[in-house]
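S.K.: I would like the atomic coordinates for the input below:
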Amino acid sequence: MTYLTERLKAEFLVTLGMLTILLQVSTADCQTNQKDFPVLKGQYLGQKPPGNLPEIFAPEIMTSPQGYHYTIIFSPDMTEALWSLMQDDYNHTLFSKAVNGTWSKPAINDFAEGFDPLDLFYSLDGNRIYFLSFHPDVPGGVERERIWYVERSTNGWSQPELVDRIIYEHPTHWTFSLSRNGNLYFTSEIAGSDKQDIYFSVFDGNKYLPPANLGPNINTEGKDFTPFIAPDESYLIFARNGTDTRKSDLFVSFKNNDGTWSKAISMGSHINSDKHDLAPYVTPDGRYLFFISQKEVMNAMYWVSTKIIEDMRLMNKNREEKRK
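M.R.: Purely as a prediction, here's the structure:
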């Protein structure tokens with residue numbers, strides 16, 4: 001009887017392992033909605049780049065029925081891509097790599113297993129991946145969003161670590177980004193209200209300094225969130241709800257010569273719709289703006305030429321000159 005019990009137990013564990021593998025494969029296949037992943041060559045997963053009007057990114061690949069919490073991100077050398085498949089209450093991070101110009105079939109990459117990472121962001125050198133997670137900072141601690149990171153090594157990725165305490169003590173939420181010099185821009189929830197503001201923290205080379213509110217040219221009485229900072233900090237793109245929670249629009253602000261921020265302006269009807277538009281991200285080569293929109297399907301990824309940013313910069317310059 002003991003032998004039979006042990007044998008059944010062993011067979012059960014083998015079966016469970018096989019089911020786990022099948023589930024992971026099936027999840028990745030669900031992302032492509034086909035058995036054989038197409039041959040994709042060239043940058044941006046081999047997709048034909050858009051022009052000045054937003055287009056859904058890689059519709060034959062990005063097929064998550066629940067949509068996306070944030071856009072795909074690319075490594076600085078544009079040879080790696082990471083995105084998250086929202087599935088019920090869990091987010092599977094998918095990874096694809098370009099080898100000799102051809103992208104691999106997306107595979108689950110649980111580089112932060114057990115942390116359910118959200119809102120990924122590569123460091124400038126590509127050797128860190130930052131992310132948000134509800135994982136408690138200590139066993140049994142409070143579960144709320146904090147910024148973590150993993151470091152690349154010869155054996156893969158390190159165990160997740162928290163950024164400086166001065167940052168994770170802030171009530172962070174959806175999303176954040178880093179400039180070339182390491183300065184951190186993030187959404188902070190205002191205690192006791194539905195208000196959200198965008199803050200930034202200067203990196204002095206060793207640690208982060210106390211976060212500061214970006215002020216009234218960026219933040220309003222409503223929700224200002226999902227910031228993307230240009231690597232040189234010359235512009236900031238973010239989403240704003242204002243006091244109308246039925247939709248959010250993308251806004252942009254430009255850094256003035258004196259270091260202040262210009263009054264944020266809407267990115268217009270070419271970008272914004274009558275539904276939610278949010279979570280901006282600009283590719284490391286500076287050529288394309290990605291964002292999430294609900295204008296056609298649930299939380300789809302869109303991309304468009306960054307010429308729109310330069311057009312907005314010129315519009316802002318003309319506006320400021322008229323005020324003088």
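
S.K.: partner strands of the longest strand seen in the chain, parallel or antiparallel?
M.R.: Taking DSSP state E as the criterion, the chain has its longest strand at strand 90-99. Note on strand 90-99: by DSSP bridges, its sheet partners are strand 80-87 (antiparallel), strand 102-103 (antiparallel), strand 107-108 (antiparallel).

S.K.: mind listing what's buried in that strand?
M.R.: 91-96, 98 (16 or more other Cβ atoms under 10 Å). In this view, the C-beta of every residue, glycine as well, is placed from N, C-alpha and C.

S.K.: and what of stretch 264-276?
M.R.: Under 16+ other Cβ under 10 Å, the buried positions of stretch 264-276 are 264, 267, 271-273, 276.

S.K.: next: stretch 284-297.
M.R.: Buried residues in stretch 284-297 (16+ other Cβ under 10 Å): 284, 288-294.

S.K.: so which of those residues comes closest to N316?
M.R.: L289 (16.2 Å; Cβ to Cβ).

S.K.: beyond the one helix or strand that closest one maps to, next helix or strand please.
M.R.: Per DSSP states H and E: L289 is located in strand 288-293. Per DSSP H and E, the first helix or strand lying C-terminal to strand 288-293 is strand 300-305.

S.K.: CSV for the buried residues of stretch 284-297, including distance to P231?
M.R.: Below are those laid out as CSV (distance: Cβ to Cβ, whole Å):
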residue, distance to P231
P284, 8
Y288, 14
L289, 14
F290, 15
F291, 18
I292, 21
S293, 24
Q294, 28
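
S.K.: ok, those vs S253, which is closest?
M.R.: L289 (14.8 Å).

S.K.: I'd say that closest one and A279 touch.
M.R.: No: in this structure, L289 is not within contact of A279 by Cβ atoms under 8 Å, at 11.0 Å.

S.K.: circling back to that earlier point, hmm, which two among the buried residues of stretch 264-276 are most spread apart?
M.R.: A264 and S273 (18.3 Å).

S.K.: pLDDT below threshold where in the stretch 151-300 of the chain?
M.R.: Along the stretch 151-300 of the chain, segments meeting pLDDT under 70 span 190-193, 242-245.

S.K.: try 90 this time
M.R.: 153-156, 164-175, 188-195, 221-222, 242-247, 294-299 (pLDDT under 90).

S.K.: span of stretch 73-80 from start to end?
M.R.: 8 Å (Cα to Cα, to the nearest Å).

S.K.: for that stretch, buried residues please.
M.R.: 73-76, 80.

S.K.: could I get the full set of helices for the stretch 151-300 of the chain?
M.R.: Using DSSP state H, counting those that start in this stretch, the helices of the stretch 151-300 of the chain run over residues 165-168.

S.K.: and the spatially most central residue of the chain, what does it touch?
M.R.: The chain has D119 as the residue nearest its centroid, 3.6 Å off, counting by Cα atoms, centre = their mean. Neighbouring residues of D119 by Cβ atoms under 8 Å, 6 or more residues apart in numbering: 69-70, 131-132, 174-176.

S.K.: do the same with F290
M.R.: Neighbours of F290 in contact, by Cβ under 8 Å, 6+ apart: 57, 71-72, 280-283, 301-303.

S.K.: just D224 next, same as before
M.R.: Per Cβ under 8 Å, 6+ apart, neighbours of D224: 187, 196-198, 218, 238-241.

S.K.: same thing but at 10 Å, please
M.R.: 187-188, 195-198, 214, 218, 238-242, 248, 251, 264 (Cβ atoms under 10 Å, 6 or more residues apart in numbering).

S.K.: please apply the same query to Y130.
M.R.: 117, 119-123, 147-150, 160, 163, 176-178, 184.

S.K.: quick one on the thing from earlier: and the contacts of D119, which is closest to Q47?
M.R.: Distances from Q47 to these, taken by Cβ to Cβ, are shortest for Y70, at 18.0 Å.

S.K.: residues near the closest one, how many?
M.R.: 27 (other Cβ atoms under 10 Å).

S.K.: same check on D232?
M.R.: Neighbours around D232, by other Cβ under 10 Å: 11.

S.K.: measure D110 to H92 for me?
M.R.: 8 Å (Cβ to Cβ, to the nearest Å).

S.K.: may I ask which helix or strand encompasses the spatially closest residue to Q159 that is not a sequence neighbour?
M.R.: Sequence neighbours aside, V150 is the residue nearest to Q159 in space, at 7.2 Å (criterion: Cβ to Cβ, 6 or more residues apart in numbering). Secondary structure assignment for V150, by DSSP H and E: strand 146-153.

S.K.: what is that strand packed up against?
M.R.: On a contact count with 3 or more Cβ pairs under 10 Å, 6 or more residues apart in numbering; DSSP states H and E, strand 146-153 meets strand 118-122, strand 128-133, strand 156-157, strand 161-162, helix 165-168, strand 172-178.

S.K.: run the chain-centre distance for it.
M.R.: 14 Å (Cα atoms, centre = their mean, to the nearest Å).

S.K.: check what pLDDT P136 gets.
M.R.: For P136, the model assigns a pLDDT of 85.

S.K.: with the one 5 residues further on instead?
M.R.: pLDDT, the model's per-residue confidence, is 82 for G141.
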